[in-house]
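[1] below: sequence and its predicted model.
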Amino acid sequence: MTAPPLVKELKGLLPAALVNEALETFIDMLRAAGADAGSDADVDALIDALRAADRGALGQVYDAMRETDVFRRIVTAEPLRQAAQAMTGAKRLHSPFQHAVFRMDLAGEPWRGFDWHQDYPYNMLCHRSVTAWTPLTPSGAANGGVDVVETTEARLHPVDIRLKRDAAGQPLGGRDAFVAQALHADFEARSRKPELQPGDVLMFHNTVPHRSGYNPGPRHRYSIQVRFGDLLAPEVIARGWRNRRADGFEAFAALHPDLIASEERP
């Protein structure tokens, strides 16, 4: 039996009306938070206006978007669930809500680039879990997009665990686990950048190296990611369905000490 692919592009998987509602909800929240860029302003103009006027308010909208009804309906949409079941082979899906996120990658903010990584160290749902990456606005070469490495081999790579930092280089509190720097050149040579439209879904296995890097602009990038694993996988049952925290990599380091190339602590 042929194993499911490690990367799939699913064009138009999510209903256009649902994705449009998510973007419209986000726009309504930006206006409610004080974004003032005129009655016909698009989402980017509203972001820029609120970022200039009150960066803290923009952060509140960013956090609260994940708490909206439409966000929940996207991450539990039936077409998404069916695609995840097909790719994981799971009879019952495991999808902890803590690992479903809203991303806002603003143009021209280089410190926000998310370098080469694998999702397994971040969520560790099970040996075969997948990430569904879907944009709310077009994503591709024009605004950085997401890069994936073409691979047919499911394997884990060594990681450098680093503190998250702001534009001034000050620690932000959480940490990242990027794949060790020595492997980046190989990833660059084998990677591609899918051109994705709202409603498209890029679904990939938790060991696929990828990055959603620096956004050169001019347009900002907005996306939603949700993770799916196998609820009945033996390793999930054995740990009593416990999940690792949303930040920190102690569980990964305990299971894979040989894969910690370096580690920066607070």
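    Structure received. Numbers count the residues shown, from 1 in each chain.

[2] pick out the residue closest to the middle of the chain.
    Centroid check for the chain by C-alpha atoms, centre = their mean gives Gln225 as the closest residue, at 4.5 Å.

[3] tell me which helix or strand Tyr214 sits in.
    Tyr214 belongs to no helix or strand when assigned by DSSP states H and E.

[4] need the longest helix for this structure.
    If you go by DSSP state H, the chain has its longest helix at helix 16-32.

[5] which positions in the helix or strand just after that helix come out as buried?
    Sequence-wise, the next helix or strand downstream of helix 16-32 (DSSP H and E) is helix 43-53. For helix 43-53, a neighbour-count test (16 or more other C-beta atoms under 10 Å) marks Val43, Asp44, Leu46, Ile47, Asp48, Ala49, Leu50, Arg51 as buried. Where C-beta positions appear, they are placed from N, C-alpha and C, glycine not excepted.

[6] closest to Ala37 out of these?
    The nearest member of the buried residues of helix 43-53 to Ala37, counting by C-beta to C-beta, is Ala49 at 4.1 Å.

[7] how near is that closest one to Pro194?
    Note on Ala49: its distance to Pro194, by C-beta to C-beta, to the nearest Å, is 30 Å.

[8] got it, and Phe252?
    Distance of Phe252 to Pro194, computed by C-beta to C-beta: 27 Å.

[9] out of those two, which sits in the busier spot?
    It is Phe252, of Phe252 and Pro194, that has more neighbours when counted by other C-beta atoms under 10 Å, with 21 against 18.

[10] next SSE after whichever strand or helix holds the more buried one?
    In the assignment (DSSP H and E), Phe252 maps to helix 250-255. Per DSSP H and E, helix 250-255 leads on to strand 260-263 as the next helix or strand towards the C-terminus.

[11] contact partners of the lowest-mean-pLDDT helix or strand in the chain?
    Sorted by mean pLDDT, DSSP states H and E, the helices and strands of the chain end with strand 171-179, the least confident at a mean of 83. By C-beta atoms under 8 Å, 6 or more residues apart in numbering, the residues outside strand 171-179 that reach it are 114-118, 121-122, 157-166, 187, 209, 247-249, 252, 264, 266.

[12] OK, contacts around Met104?
    Listed by C-beta under 8 Å, 6+ apart, the contact set of Met104 reads Ile47, Tyr62, His220, Arg221, Tyr222.

[13] hmm, try it at 7 Å
    Residues near Met104 by C-beta atoms under 7 Å, 6 or more residues apart in numbering: Tyr62, His220, Tyr222.

[14] and the nearest residue to Glu250 once chain neighbours are set aside, how far from Ser223?
    Take Glu250 and drop its neighbours on the chain: the residue closest to it by C-beta to C-beta, 6 or more residues apart in numbering is Arg244, 7.9 Å away. Distance, Arg244 to Ser223, by C-beta to C-beta: 23 Å.
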